[in-house]
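Asker: Turn this into a model:
(one chain, ligands or ions: 1)
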Amino acid sequence: MTRLRETDKSHRLGTRAIHAGRIDDPLAGAIMPPVYQTSTYRQEGLGLHKGYEYGRTHNPTREALERNVASLEGGDYGFAFASGLAALDTVIKMFRSGDHFVCGDNLYGGSMRLMVRVYEAMGLEFSFVDMRDVNNVARAMKPTTRMVYCETPTNPMMFLADLAAVGDLCQARGTIFAVDNTFATPIFQRPLSFGAHLVLHSTTKYLNGHSDMVGGILVTNRDDLAERIGFLQNAAGGVPGPWDCWLALRGTKTLPLRMKQHDASGRAIAQWLTTHPKVQRVYYPGLTSHPQHELAKRQMSGFGGMISFEVGDVELARRIFAATKIFSLAESLGGVESLIGHPASQTHAAVPVAMRQAMGLTDSLVRLSVGVEETADLIEDLDRAIR
Ligand SMILES: *Cc1c(COP(=O)(O)O)cnc(C)c1O
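Answerer: Take a look at the predicted model:
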């Protein structure tokens, strides 16, 4: 269980990104955290050690990452995992057969698959509701509801959940409120400050930002949840290796800088797409035409680089995927390089067709992860591909 030190909580976000979680290396004074590539630690005598006994339980590089991300989210504890889904798996394992969860209906496809295909079979119960309206959450709650789980903005429909409203509801009912903050990142949205108890990230995405590792992290400010998650992290062992932690930690140092550029290009490209004759609809919370733009401005300080748009024609979508030169056709998101994707057959293939259609996730929906290249080059690339 990694708890923040007081020094991890000082200074502003941009400074914390670089300094929170720092290791003071006693051997050489290394500025960068060493990669503690070790499975075990020498003990001075029986029961005499420096707090490190075995690599699944403790690793200093992993702790540095956990402290860094927890600091950015404004939490007291961080727990790193081998993937975002391993983090979610641990969240669900806190509960037991008969417990009920209310979740957003536009979750990341893999999250929904884990809930429905793995945990429903073990007797846990999930309701998936449109979280754009907090009343849908309230209506779905039962006496057995133990957790509300949401993503905002969602992937790829950019639906928003009102974090303060859901936070108040959960507070009144004594229900745990967990938020997957992978899309917005703590640079633009801090769910704990709106009443969430638990924040989840796929560090694979923006936090690492360089598309060279897979990982996940949980952050909480509740002692009881930290106790349980720490136990499960060690008991089930879905931990990341030290190298991947080091890569993620290198990524978070530039997170504030990268997010500024993702956001600047995201806004410019979303706006440009709205003027394109072949584009029927653009989904981006930073557009004044987004139905929840006012909410977006209240709970987010930036809108990032994720954009979806509807071209209304599967053949045109196929041609766009084949024609872009800077945007690579690939799954995933949040890296420095721009990606283009097809949610219906990639990230959301695991979501039932009827559910996809009901929310507007069509076969002609195109999703962009806008990287940090020059904005003008990205627009030219899309313009040529769409024409
Ligand atoms: C990718 C992703 C996940 C899953 O994370 P992995 O690291 O791929 O296991 C969960 N939630 C969101 C929003 C994601 O984009």
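Asker: Mind telling me which residue of this protein is nearest the ligand?
Answerer: Gly84 (2.3 Å; CB to the nearest ligand atom). Placement of C-beta: from N, CA and C, glycine included.
Asker: In contact with that residue, which residues are there?
Answerer: 108, 110, 180, 182, 200-205, 215-216 (CB atoms under 8 Å, 6 or more residues apart in numbering).
Asker: Quick check: pLDDT value at Gly51.
Answerer: Looking at Gly51, its pLDDT reads 93.
Asker: returning to what we had before: please flag which of the contacts of Gly84 sit within strands.
Answerer: Using DSSP state E, the subset of the contacts of Gly84 located in strands is 180, 200-202, 216.
Asker: out of the residues you listed, who's nearest Arg56?
Answerer: Nearest to Arg56, judged by CB to CB, of the ones in strands among the contacts of Gly84 is Gly216 at 15.8 Å.
Asker: Close to the ligand: what parts of the protein are there?
Answerer: 83-85, 108, 110-111, 151, 155, 180, 182-183, 202, 204-205, 214, 216 (CB under 6 Å from any ligand atom).
Asker: now the helices for the stretch 1-150 of the chain?
Answerer: 13-19, 60-73, 84-93, 109-113, 134-140 (DSSP state H, counting those that start in this stretch).
Asker: low-scoring stretches of the stretch 1-150 of the chain, by residue?
Answerer: Within the stretch 1-150 of the chain, no range satisfies pLDDT under 70.
Asker: For the ones in strands among the contacts of Gly84, give me TSV that also has neighbour count and pLDDT.
Answerer: Below are the ones in strands among the contacts of Gly84 laid out as TSV (neighbours: other CB atoms under 10 Å; pLDDT from 0 to 100):
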residue	neighbour count	pLDDT
Asp180	28	98
Leu200	26	98
His201	31	98
Ser202	29	98
Gly216	28	98
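Asker: Relative to His11, which of those residues is nearest.
Answerer: His201 (21.2 Å).
Asker: Isn't that closest one up against Ile217?
Answerer: Yes. His201 is in contact with Ile217 according to CB atoms under 8 Å; the separation is 4.9 Å.
Asker: Between these two, which contacts overlap?
Answerer: 69, 87, 207.
Asker: May I ask which of those residues has the most neighbours?
Answerer: When neighbours are counted by other CB atoms under 10 Å, Val69 leads those with 29 neighbours.
Asker: Would you mind finding the most buried of the helices of the stretch 1-150 of the chain?
Answerer: helix 60-73 (a mean of 26; mean count of other CB atoms under 10 Å).
Asker: Look through the chain and tell me its longest strand.
Answerer: Under DSSP E, the chain gives strand 145-151 as its longest strand.
Asker: pLDDT below threshold where in the stretch 201-350 of the chain?
Answerer: Judged by pLDDT under 70, no stretch of the stretch 201-350 of the chain qualifies at all.
Asker: show me where it has strands.
Answerer: 216-220, 281-283, 306-310, 328-329, 339-341 (DSSP state E, counting those that start in this stretch).
Asker: Single out the most deeply packed of those.
Answerer: strand 216-220 (a mean of 29).
Asker: can you state the direction angle for that strand and helix 84-93?
Answerer: 40 degrees (axes from the mean of the first three to the mean of the last three CA atoms, to 10 degrees).
Asker: List the neighbouring strands of strand 216-220 plus their orientation.
Answerer: strand 77-81 (antiparallel), strand 198-202 (antiparallel) (DSSP bridges).
Asker: Adding distance to Asp363, write those strands out as JSON lines.
Answerer: Formatted as JSON lines, the strands paired with strand 216-220 follow (distance: least, CB to CB, whole Å):
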{"stretch": "strand 77-81", "distance to Asp363": "33"}
{"stretch": "strand 198-202", "distance to Asp363": "25"}
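Asker: Gly360 is nearest to which of those strands?
Answerer: Taking the strands paired with strand 216-220 one by one with CB to CB, strand 198-202 is closest: 23.4 Å.
Asker: Pull the residues that contact that closest one.
Answerer: Outside strand 198-202, the residues touching it (CB under 8 Å, 6+ apart) are 69, 73, 75, 83-85, 87-88, 91, 108, 176-182, 185-186, 191-192, 207, 215-220, 222, 225.
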